[in-house]
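Asks: I'd like to go over a predicted model; first the sequence, then the structure.
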Amino acid sequence: MSFTVDFSIHHSRIRDVTAVRDAIKKASAKHLEEDFNYRIIRRNIDARQKNVEYILKAEIYEPGELVEKSNVLDDFHDLKTSDEVYIVGAGPCGYFAALQLIRHGIKPIIIERGKDVRERRRDLKAIQQFGIVNEDSNYCFGEGGAGTYSDGKLYTRATKRGDINYVLQLLVAHGASEEILVDVHPHIGSNKLPDIISAIRNTIESHGGEVRFNSRLTDILIKENKVTGLKLGEELVPCDRIILATGHSARDIYKILHEKNIFIEVKPFAVGFRIEHHQALIDEIQYHCVTRPDTLPASSYSLACQVGDKGVFSFCMCPGGLIIPAATSPGEIVVNGMSLSRRDSPFANSGMVTSVDQKDFNLFSEHGPLQGMYFQQGIEQDFFEAGDGTQKAPAQRLQDFLMGRRSHSLPDTSYIPGILNARVDQLFAKDVYHRLKTGLLQFGKKMPQYISDEAVVVGSESRTSAPVRIPRNKENCMHPQIKGLYPGGEGAGFAGGILSAAMDGIRVADAIFRQVIPG
């Protein structure tokens, strides 16, 4: 009979098995024999005090008791029905919806505008080194979606949206480290995700599903408010169920829906920039030490405050990470952050953004539900026009951003295309700049040394979430106006990251199963 014990241990002793066992025995309310067995099932770091500790939960077993591990893929079987569901988008929402449909015996056919995860790398190299943006294959579009080559962080606050552990177990079954089942802030890394994504595709295809790359959705065919098919380029494909899992950057999809008078809504999101420090400085601030010991990972931070009626907050913080170009069309500058699995870059970067809503979109109100999208696009184009016609990103030292002055020079950066000296403070509307500035000054009080002359702001960070919501009914996950259309994931406004998007894909697949096979 197993039970759990919560305990803590100084970071310097985390690799000392004897010290860990002693800490478990000391914290346990039950007497433990000398030869007790245990496994760590939860791990977090508490750096609030000078003595940094690991906070852990251990599962305790009787001597000789075996711990059986189940394989979630044992529930996957060959297809049992002739029903097919088309899924538009091969990101986490689309792929996990496909896995869940297979689990229910329904055939998924995935349509992806971009390339497979391996071929996609060539286009990422092109944008990094030559500033060439492929509108169908980039950091946002292609197999695996935006998360594959932009970090693979798996933390979510959406604990009520689905079974987080089930999603993590599926990732482990396809090659992710079991550490993601333990860490409070799990992370895979962009160097490991491609193999995991490929393995998920193999599972889908080996059980009868299909994945079609280089297939761009150009229209949704509708008759009498029912889905009758989709158009891929000039090809017409009959179907009666479509899961729309296109991600937060598929502006052409939003335009198609709007032009067809399909109901969509304007949605708040957040804009700002990436802020980059030396990782050593963040470690010093967070861990209260000059040099980070090897028993602690690269440190992160999370900052948030309220300025008026809007939030200002850090977003997608990447310890030991890189800033990457995330534009999806020529003529725009968009940046994001990512880390490799080791998180060993000498830089730390984070989005620093403020919420925006219809009060900020008023110059674009003529676009109705697309006004936030055009506001977002306008910022990205302004940053491009402030540059030199390449993917070099406008940048400014943090202190100069706060003082509203041009930087005399720029520090080193992880952003491969390069940065150029610009008045980033003038590239935002006055209200947006005021909120960002006020928030940063507050964060400087929370984290001494955070406002450093070596810190640099790089813009624009504008793809924090979708600027449009595609509504759906709560029970059947179907669009309230169009039968057979199932909006899902980040692009529809129902998720905000890999885990929540994956859980939402599962939720939509479950809803379809209940309709295909009632009872």
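Replies: That came through, no problem. Numbers count the residues shown, from 1 in each chain.

Asks: which residues in the stretch 351-500 of the chain form helices?
Replies: 371-385, 398-403, 430-446, 498-516 (DSSP state H, counting those that start in this stretch).

Asks: and these, which is most packed in?
Replies: Among the helices of the stretch 351-500 of the chain, the stretch with the highest mean neighbour count (mean count of other CB atoms under 10 Å) is helix 498-516, at a mean of 24. To be clear about C-beta, it is placed using only N, CA and C from the backbone, and glycine gets the same treatment.

Asks: which residue sits closest to residue 149, ignoring its sequence neighbours?
Replies: With CB to CB, 6 or more residues apart in numbering as the criterion, residue 149 has its nearest non-adjacent residue at 5.1 Å, and that residue is residue 190.

Asks: residue 43 too?
Replies: Distances taken as CB to CB, 6+ apart place residue 182 nearest to residue 43, at 5.0 Å, with adjacent residues excluded.

Asks: in contact with that neighbour, which residues?
Replies: With contacts taken as CB atoms under 8 Å, 6 or more residues apart in numbering, residue 182 has the following neighbours: 40-43.

Asks: returning to what we had before: what's the closest of the helices of the stretch 351-500 of the chain to residue 141?
Replies: When those are compared for distance to residue 141 using CB to CB, the nearest one is helix 498-516, at 14.7 Å.

Asks: could you pull out the strands for the stretch 351-500 of the chain?
Replies: Counting by DSSP state E, counting those that start in this stretch, the stretch 351-500 of the chain forms strands over residues 393-397, 419-421, 456-461, 468-469, 485-487, given from the N-terminal end onward.

Asks: could I get those strands as JSON lines with distance to residue 34 and mean pLDDT?
Replies: Formatted as JSON lines, the strands of the stretch 351-500 of the chain follow (distance: least, CB to CB, whole Å; pLDDT from 0 to 100):
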{"stretch": "strand 393-397", "distance to residue 34": "58", "mean pLDDT": "98"}
{"stretch": "strand 419-421", "distance to residue 34": "59", "mean pLDDT": "98"}
{"stretch": "strand 456-461", "distance to residue 34": "54", "mean pLDDT": "97"}
{"stretch": "strand 468-469", "distance to residue 34": "58", "mean pLDDT": "98"}
{"stretch": "strand 485-487", "distance to residue 34": "56", "mean pLDDT": "98"}
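
Asks: and of those, who's closest to residue 148?
Replies: Between residue 148 and those, the tightest spacing by CB to CB is seen for strand 456-461, at 18.7 Å.

Asks: ok, and what's touching that closest one?
Replies: The set of residues that contact strand 456-461 without belonging to it, under CB under 8 Å, 6+ apart, is 271-276, 315, 323, 333-336, 349, 351-353, 379-380, 382-383, 393-398, 401, 410-411, 413, 415, 419, 424, 427.

Asks: how many residues are close by residue 331?
Replies: Using other CB atoms under 10 Å as the criterion, residue 331 is surrounded by 12 other residues.

Asks: secondary structure element holding it?
Replies: Assigned by DSSP states H and E, residue 331 belongs to no helix or strand.

Asks: show me what contacts the closest residue to it other than its chain neighbours?
Replies: In this structure, residue 331 finds its nearest non-sequential neighbour in residue 384, 5.4 Å apart by CB to CB, 6+ apart. Remark: with contacts taken as CB under 8 Å, 6+ apart, residue 384 is in contact with 331-333.

Asks: confidence score at residue 384?
Replies: Reported pLDDT at residue 384 in the predicted model: 98.

Asks: re earlier: quick check, nearest of the contacts of residue 384 to residue 306?
Replies: Of all these, residue 306 sits closest to residue 333, with 28.4 Å by CB to CB.

Asks: how does this structure divide into domains?
Replies: Described in terms of automatic domain parsing, the domain architecture of the chain consists of the residue ranges 3-61, 77-265+468-516, 268-461.

Asks: surely residue 326 meets residue 139?
Replies: Yes - contact criterion CB atoms under 8 Å: residue 326 and residue 139 qualify, at 4.5 Å.

Asks: what is in contact with these two at once?
Replies: Overlap between the contact sets of residue 326 and residue 139, as judged by CB under 8 Å, 6+ apart, is given by 146, 150, 336.

Asks: what helix or strand is the first one on?
Replies: Per DSSP H and E, residue 146 falls between elements, in no helix or strand.

Asks: ok, now which ones touch the nearest residue to it once chain neighbours are set aside?
Replies: Taking CB to CB, 6+ apart, and ignoring the residues beside it in sequence, residue 146 has residue 140 as its nearest neighbour in space, at 4.7 Å. Applying CB under 8 Å, 6+ apart, we find residue 140 in contact with 146, 247-249, 326, 328, 463.

Asks: can you list the low-confidence ranges for the stretch 251-400 of the chain?
Replies: Low-confidence segments of the stretch 251-400 of the chain (pLDDT under 70): none present.

Asks: tell me the secondary structure at the residue nearest to residue 283 when sequence neighbours are not counted.
Replies: The spatial neighbour of residue 283 that comes closest, neighbours along the chain excluded (CB to CB, 6+ apart), is residue 292 at 4.0 Å. What DSSP: H, G, I helix; E, B strand; the rest coil gives for residue 292 is coil.

Asks: residue numbering should commence at 15 henceforth.
Replies: I'll keep to 15 as the first residue from here, and by that count the last item is residue 306.

Asks: residue 306: neighbour count?
Replies: The number of residues packed around residue 306, counting by other CB under 10 Å, is 18.

Asks: okay, strands next: where are they in the stretch 165-314 of the chain?
Replies: Going by DSSP E, counting those that start in this stretch, the stretch 165-314 of the chain shows strands at 224-226, 231-237, 240-246, 249-252, 256-258, 279-280, 283-292.
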